[in-house]
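Student: Need coordinates for the below:
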Amino acid sequence: MKLTPFLRYVRFYRGSYTALVICAVASAGQSFLLLPSALLIRRAFDDAIPNKDFQLLGTIGLIVFIVSLSSEVLTVLTKQRILKITKLATRELRHELLDTIYTLPHRYYGTVEAGRLHATIVQDTERLDVGSSVLIALFCLLFLPASRLRAYWPFSIRFCFCSSLVRCRSCCSSTI
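Tutor: Have a look, this model is predicted:
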């Protein structure tokens, strides 16, 4: 049975399917890790700021920062694992291409320039490598369509900055 090009390509990921699913689950988990931040920020604006409870505000800011930092660490680890899987699959593809080239008849080498053959293999596998990284990243995004809540980390930095300004302003106004 002749495999389609896509199925031949997917075959290079054999042995990494479980790791890819784990990466997709980690990507979804990373997004769910940010949900408490939204609730904490709401509590800060609803309770801590109107009541001028700076201890609660500082605690909320610290928790939001820790949650955001842990989310980013999980993102880096997931991307690193995906990159490793993709590079291994590309390496296997290059080995298979080289094995195919070594089995070609000698008259083929007389009609094709060695530099052009080398450039074709390197450029095509590099394109496939980049495309694979994008494809796997999209797979992780599609695993849970509403899983990207990345807009919260810049907001939490602004929130911490603004809460420190509010605290500074209240301290300065009480001394005057």
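
Student: C-alpha from now on. contacts and neighbour counts both.
Tutor: Fine.

Student: Sketch out the strands for the chain, chain order is fine.
Tutor: Assigned by DSSP state E, the chain shows no strands.

Student: and the biggest helix by length in it, what does it pack onto?
Tutor: Once the chain is assigned using DSSP state H, the helix that runs over the most residues is helix 54-102. Helices and strands touching helix 54-102, as assessed by 3 or more CA pairs under 8 Å, 6 or more residues apart in numbering; DSSP states H and E, comprise helix 17-33, helix 35-43, helix 114-143, helix 152-175.

Student: That helix vs helix 17-33, what angle?
Tutor: For helix 54-102 and helix 17-33, the angle between their directions (axes from the mean of the first three to the mean of the last three CA atoms, to 10 degrees) works out to 160 degrees.

Student: I'd like the mean pLDDT over helix 54-102, please.
Tutor: Across helix 54-102, the average pLDDT comes to 87.

Student: ditto for stretch 119-128
Tutor: Confidence for stretch 119-128, expressed as mean pLDDT, is 80.

Student: Count the residues that sit near the closest residue to Ser132 other than its chain neighbours.
Tutor: Leaving aside its chain neighbours, Ser132 sits nearest to Thr86 (6.4 Å; criterion: CA to CA, 6 or more residues apart in numbering). Counted with other CA atoms under 10 Å, the burial measure for Thr86 works out to 23 neighbours.
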